[in-house]
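Novice: this one's sequence-less:
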């Protein structure tokens, strides 16, 4: 449950991320990476700040930086592997799509979307009804604790279902962008990639 909350908070904060600090982190990442004896942990750190990818490994960053167009590759990589592993690097330095983009994953996301969309609509409807009841009760001074609890419960249901729908939207976004990233990377990768 804690991991789910961390992912939700990470997604919310990424929507309001400061683009200026992201650009500064990208500049620092490129500067550090260009140094001959750079620290891999520092490279991973600034890559994570620049792309909001907390789990990118150094060897993956190295492979992306050795493509024909490294900045374009990094920009495309920002659309995948943020909440689920939809692409993975192979031993021969290629990238392949994982099972997270298969029909089972798509069906699971669809079921989750239907459930939480229904929850969102029902909680919104109940919340609007509860607000109407409270509004009418204000005129007669008949507000009860039960009315307030129902309103608060409906509000919490609306917010949680909206956040979970937002998270599944990221899941769909990653699935949709997995194939274009794989095709782009594999067509622009450097087959003779060495270490820096």
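Specialist: Arrived safely, thanks for sending. This structure is a prediction, so every number in the text was calculated from the model and none was measured.
Novice: from now on I want contacts and neighbour counts done on CA atoms only, so please keep to that.
Specialist: OK.
Novice: tell me where the longest helix sits in the protein.
Specialist: Longest helix of the chain, by residue count under DSSP state H: helix 145-188.
Novice: what comes up buried for whatever helix or strand residue 137 lives in?
Specialist: In this structure, residue 137 sits in helix 103-140 according to DSSP states H and E. Neighbour counts over helix 103-140 (16 or more other Cα atoms under 10 Å) mark 109, 113, 116-117, 119-120, 123-124, 126-127, 130-131, 134 as buried.
Novice: just stretch 173-183 next, same as before
Specialist: 174-175, 177-179, 181-182.
Novice: save those as JSON lines, and put in distance to residue 31 and pLDDT too.
Specialist: JSON lines is the format used below for these (distance: Cα to Cα, whole Å; pLDDT from 0 to 100):
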{"residue": "174", "distance to residue 31": "29", "pLDDT": "90"}
{"residue": "175", "distance to residue 31": "32", "pLDDT": "91"}
{"residue": "177", "distance to residue 31": "28", "pLDDT": "91"}
{"residue": "178", "distance to residue 31": "28", "pLDDT": "92"}
{"residue": "179", "distance to residue 31": "30", "pLDDT": "92"}
{"residue": "181", "distance to residue 31": "25", "pLDDT": "93"}
{"residue": "182", "distance to residue 31": "27", "pLDDT": "93"}
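Novice: nearest to residue 47 among the residues you listed?
Specialist: Ranked by distance to residue 47 (Cα to Cα), the buried residues of stretch 173-183 are led by residue 181 at 17.7 Å.
Novice: isn't the closest one up against residue 76?
Specialist: Yes: counting by Cα atoms under 8 Å, residue 181 touches residue 76, with 6.1 Å between them.
Novice: and the next helix or strand past the lowest-mean-pLDDT helix or strand in the chain?
Specialist: Least confident element among the helices and strands of the chain, by mean pLDDT, DSSP states H and E: helix 2-15 (a mean of 57). Counting by DSSP H and E, the next helix or strand C-terminal to helix 2-15 is helix 19-34.
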